[in-house]
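In: sharing a model prediction with you, sequence too.
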Amino acid sequence: KRILLLGAPGAGKGTQSKRLADEYDIEHITTGDALRANKDMETEHGTPREYMDAGDLVPDPVVNEIVDAALSDADGFVLDGYPRNLSQAEYLSEQTDLTAAIFLDVGEDELVRRLTGRRMDPETGDIYHTEFNMPDDEAVEERLVQRDDDTEAVVKDRLETYYENTEPVIEHYREAGELVEVDGEAHPDEVFERITEVVDA
Ligand code: AP5
Ligand code: ZN
């Protein structure tokens, strides 16, 4: 399976990708996590941090190289956080074809609520939320951290970047008749079930 998950910051791409990677035994390719793990890496365009902390896109050459390496190692994959602009979408179409392109549709108020309440487990990468989803284990709860870019100010910039650069990508897949839209505001279990129906169809 070669699954593309599209959606705004906070739409649930990471949450669903983890489950899909388990379900189908495929790679979870996430440019966001890859960049966070290399935030201070020096490139000829500067460090990823300079862009990420401002809510901007990291330059295409840096991101394309990450995706290139990951795709060549993967048989099946779920792609999370890429492509984010039209030139990345074009690059991707030259590398591989897709089983499904799925858009997780979530309204802006809900996105802001999710992002500002999100917490991460630094040891496992598991994703939680202060209201919607906290761990049962107290030891896990105590080590949770907030992502650097989940402050209200950066969230606003990330959403603007999304409207400007990534919405045209979604429109591109929609016009090509390749996009399946899923209600991303439903319960995570329900969203997951809907995605697997599309993938298995
Ligand atoms: P990235 O890490 O990709 O962030 P993002 O796209 O902003 O998306 P998020 O990770 O914030 O949200 P998500 O959709 O994964 O939601 P999640 O499942 O966590 O990118 C970060 C930065 O890296 C970018 O700003 C950019 O600078 C750079 N970058 C990355 N890719 C790039 C690229 N291709 N090109 C250039 N630059 C790039 O869920 C969010 C919260 O909601 C959680 O708390 C979760 O528990 C909760 N939740 C999830 N689903 C539900 C549900 N159904 N109901 C209730 N709560 C839910
Ligand atoms: Zn994510």
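Out: Yep, it's here. Ligands and ions are numbered 1, 2, ... in the order given.

In: now do the same for residue 84: its pLDDT.
Out: pLDDT recorded at residue 84 is 98.

In: quick one: neighbours of residue 42, just the number.
Out: Counted by other Cβ atoms under 10 Å, the residues lying close to residue 42 total 9. C-beta coordinates here come from the backbone N, C-alpha and C atoms, glycine included.

In: how about the strands in this structure?
Out: Secondary structure of the chain by DSSP state E: the strands cover 2-6, 27-30, 77-80, 100-105, 118-120, 127-129, 179-183.

In: do the first one and ligand 1 meet?
Out: Which is strand 2-6. No. Shown here: strand 2-6 not in contact with ligand 1 (Cβ under 6 Å from any ligand atom), separated by at least 7.9 Å.

In: same check on the last one?
Out: No. Contact between strand 179-183 and ligand 1, assessed by Cβ under 6 Å from any ligand atom, is absent, since the two come no nearer than 9.2 Å.

In: in the sheet, which strands lie alongside that strand, parallel or antiparallel?
Out: strand 100-105 (parallel) (DSSP bridges).

In: what does this structure have sitting close to ligand 1?
Out: Checking the chain against ligand 1 by Cβ under 6 Å from any ligand atom, the hits are 7, 9-15, 31-32, 35, 51-52, 55-58, 63, 81-82, 84, 88, 114-115, 118, 127-129, 132-133, 149, 158, 187-188, 191.

In: now the strands of the chain as CSV including mean pLDDT?
Out: Output for the strands of the chain, formatted as CSV (pLDDT from 0 to 100):
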stretch, mean pLDDT
strand 2-6, 98
strand 27-30, 97
strand 77-80, 98
strand 100-105, 98
strand 118-120, 98
strand 127-129, 97
strand 179-183, 98
